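Visitor: Sequence first, then the predicted structure:
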Amino acid sequence: MEVFYFLVFGALSAVVAVIELSKNNKDRVNTTTAFNSFKNNYLLVYSLMMAGDWLQGPYVYFLYSTYGFGKGEIGQLFIAGFGSSMLFGTIVGSLADKQGRKRACVTYCITYILSCITKHSPQYRILMVGRVLGGIATSLLFSAFESWLVAEHNKRGFEQQWLSVTFSKAIFLGNGLVAILSGLFGNLLVDNLSLGPVAPFDAAACFLAVGMAVILSSWSENYGDPSENKDLLTQFKGAAVAIASDEKIALLGAIQSLFEGSMYTFVFLWTPALSPNDEEIPHGFIFATFMLASMLGSSIASRLLARASLKAESYMQIVFVISSASLLLPIVTNILVEPSKVKGGSISFAGCVQLLGFCTFEACVGIFWPSIMKMRSQYIPEEARSTIMNFFRIPLNIFVCIVLYNVCNLNGLIRCLTLHCSRHGHVKSRATQPYPPFFSLLCLSALSQTEPTKNPYKLQPGGWLSYSLLACQSLYLRMTEVLI
């Protein structure tokens, strides 16, 4: 079965190459030299920022374990990161709208660099401070940069359709190619050069510093609502009113939170889904394959978004259906294929089928990101863009904290954390069947008005992944009725 991994990776590589090389004039958006210069500058900065983020992911858990911390202490550190993102994210988002998005991006760099520096200390309190700083930085990464881009794009008078070009390229590079290269570079530093588990964090700090220099030297400042008479509380109220008064914004936020919640569920549970009997699977190679599938999705999205007559609200219905179907595969294979009772060995036939389904899901993720960015640029008001975007992340962070705290029994918390790290290709988990996150089922129950199963813990992980996507699909169908 080892050849199977190379076949999947090779096939995805070939498809991505064909799609990128076969683009014609209909698949490309004619732009100007000024826009291309602006776009390339942003892509350079965004790639450097994402490199700083991707380099850290695979080694956080490993670093804490080398410092001798137990599972409970490491779990608290992880929850602190998501919790700080939830608590402080909206505040820093509002400050970005008021004080300037460029300043917020610089603040992201400084905050994340400080977080990297704390990794040199084995003291628990200092590491906790680093996790809190990292949570704040994450909120800025997923709001301030996009807010700056949209505002600057409009301020310079570029066509609205050209935003989709930047979005699709940013996902192709930052969430695809950069992720793969960062994983390889981190492996080089830690394993080949034997520089220790702190080395990737030092490298991340260097990338962030270079990106900050580019921002300071080439970016201009823009604001949401710079009026002096508005305090943070007023901005919060304004953002809340905008969400409550516009059904399209509220549904957009719900879709984003649920879909990202599905992705985190997938991150936690893909390993036990592929290796329920402790089969040996190459986590790092599978991670690279997933990222390649995401690149495929972003390539497809660039073609779809290049057509002015095609709305993202229309084709995303199909994407959600495909996503739901791909995450149903673990249930289908469990029903149709008799599960093996042999411990260890290579991946099973059912695991191969599920891997193909998971690659399909990652391709849908690659389509989702530039499409949701395009819709956010259309529906979220400029004066409170960063604030509203961080409002959207509140339910997501609550969901993640619930999953981390409740997904498993005694040792399950750390199993989930290990799975989260294993997506980035470093930690190899031996987890088998963690308890499913109940939040996804509650969402589906509320939307479809069906009663949850009496004993949901008998479901396979893939079933819970499907529930999250089905919930998103229901919301998306409702949103399409509103938008089209």
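Guide: Perfect, I can see it now.
Visitor: list the contacts for K341?
Guide: Each residue near K341 by Cβ atoms under 8 Å, 6 or more residues apart in numbering is listed here: N277. (Each C-beta comes from the backbone N, C-alpha and C, glycine too.)
Visitor: got the contact list for the closest residue to L193 other than its chain neighbours?
Guide: Counting by Cβ to Cβ, 6 or more residues apart in numbering, L193 lies nearest to A199, which is 7.5 Å off, once chain neighbours are set aside. Residues in contact with A199 (Cβ under 8 Å, 6+ apart) are G186, L189, V190, L193.
Visitor: what number of residues lie near P381?
Guide: Other residues lying near P381 total 15 when counted by other Cβ atoms under 10 Å.
Visitor: Looks like it contacts A242 (just checking).
Guide: Yes. Using Cβ atoms under 8 Å, P381 is in contact with A242, at 5.8 Å.
Visitor: Which secondary structure element of the protein has the lowest mean pLDDT?
Guide: Least confident helix or strand, the chain: helix 438-448 with a mean of 34, by mean pLDDT, DSSP states H and E.
Visitor: before we move on, back to that, any chance you could list residues touching both of P381 and A242?
Guide: Common contact partners of P381 and A242 (Cβ under 8 Å, 6+ apart): I388.
Visitor: got the contact list for the closest residue to T31 other than its chain neighbours?
Guide: What sits nearest to T31 in space, not counting adjacent residues and going by Cβ to Cβ, 6+ apart, is W162, at 5.6 Å. Counting by Cβ under 8 Å, 6+ apart, W162 makes contact with V29, T31, F35, K39, H153.
Visitor: Read off the pLDDT value for V210.
Guide: At V210, the model reports a pLDDT of 98.
Visitor: which element is V210 on?
Guide: Secondary structure from DSSP states H and E places V210 in helix 199-218.
Visitor: To clarify, my last question referred to G68.
Guide: Using DSSP H and E, no helix or strand contains G68.
Visitor: Going forward, the N-terminal residue is numbered 615.
Guide: Noted, 615 is the first residue going forward, which turns the last one into G682.
Visitor: what separates it from K733, distance-wise?
Guide: Using Cβ to Cβ, to the nearest Å, G682 is found at 15 Å from K733.
Visitor: just S831 next, same as before
Guide: To K733, S831 is 28 Å away according to Cβ to Cβ.
Visitor: between these two, who's got more neighbours?
Guide: Using other Cβ under 10 Å, the more surrounded residue of S831 and K733 is K733, with 24 against 7.
Visitor: Quick check on the more buried one: phi, psi?
Guide: Note on K733: its backbone torsions stand at phi -70, psi -10 [degrees, to the nearest 10].
Visitor: check contacts around it.
Guide: Here K733 is in contact with L677, L741, G744, V812, F815 (criterion: Cβ under 8 Å, 6+ apart).
Visitor: and the last one, how many neighbours?
Guide: I take that to be F815. The burial count for F815: 27, using other Cβ under 10 Å.
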